[in-house]
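Undergrad: Task: produce atomic coordinates for the following.
(2 chains)
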Amino acid sequence: SQQGEEDPQALSIQEGENATMNCSYKTSINNLQWYRQNSGRGLVHLILIRSNEREKHSGRLRVTLDTSKKSSSLLITASRAADTASYFCATDGKGAQKLVFGQGTRLTINP
Amino acid sequence: DTEVTQTPKHLVMGMTNKKSLKCEQHMGHRAMYWYKQKAKKPPELMFVYSYEKLSINESVPSRFSPECPNSSLLNLHLHALQPEDSALYLCASSQVAAGTGSGKLFFGSGTQLSVL
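TA: Numbers count the residues shown, from 1 in each chain, chains lettered A, B, ... in the order given. From the prediction side, this is the model:
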């Protein structure tokens, strides 16, 4: 299966701290994407990193990709209560014609 | 307009009912998707339409019937559902279909479906 595995499954930190989530996948990819989902709502795209890129930044987000280890990480710096959500990685596999989501990390930011 | 609009937001139906979920986007995207999501689980792909043609059916039971009347609209017709079909149904769109090195998906807010 191409599906990504994420860890941790749940993460609870204090506001202002940094949060790191990891994603591993199994097959070759075109790109890897991260999405956020607030409870019971649709997913919102955060960042896309292509297979030939190693690191990407967007505001307080930093994503790394290691294709040799088939893994990615999402770092959220200076977390805020509004960052409380589930975070999913998703892989766009070569020839797969579909985006497949990892199991997700539930992030809770405590005020 | 960067929105994907889904209606209804909530739906309760009996196992003998027929209902439809609707999805609309006006971003000129040529790929549209239906995902099913159970609580605390990731979205699971059901169907992909690319250029208004069904390109992927993830072995979804025939009680779910997708339809793409035009490039902006996507429907999911429901008939004789089971209680285990209760879930959040998400519609999404992208410029071109995934697997081509395409970009991001835009998701609607979903329809929370309860089958009694």
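Undergrad: For residue B:56, give me the pLDDT.
TA: On pLDDT, residue B:56 comes in at 88.
Undergrad: what do you get for residue A:96?
TA: 68.
Undergrad: Who are the contact partners of the most centrally placed residue in chain B?
TA: Most central in chain B under CA atoms, centre = their mean is residue B:34, positioned 2.6 Å from the mean C-alpha point. Going by CB atoms under 8 Å, 6 or more residues apart in numbering or on different chains, residue B:34 touches B:23, B:45-47, B:66, B:74, B:76, B:89-91. Yep, even glycine has a C-beta here, placed from its N, CA and C like the rest.
Undergrad: any idea of the mean pLDDT in stretch B:17-36?
TA: Here the average pLDDT along stretch B:17-36 is 95.
Undergrad: do stretch B:86-98 as well
TA: On average, stretch B:86-98 scores 89.
Undergrad: Name the residues of that stretch that come out as buried.
TA: By neighbour count on 16 or more other CB atoms under 10 Å in any protein chain shown, the buried set for stretch B:86-98 is B:86-94, B:97-98.
Undergrad: now that stretch, how far from the chain's geometric center?
TA: 5 Å (CA atoms, centre = their mean, to the nearest Å).
Undergrad: cool, stretch B:59-67 as well?
TA: 10 Å.
Undergrad: Does it reach chain A?
TA: No: using CB under 8 Å from any CB of the partner chain, stretch B:59-67 stays clear of chain A, with a minimum separation of 13.0 Å.
Undergrad: Name the residues that touch that stretch?
TA: By CB under 8 Å, 6+ apart, the list of residues contacting stretch B:59-67 reads B:34, B:46-47, B:49, B:54, B:57, B:74-82, B:85.
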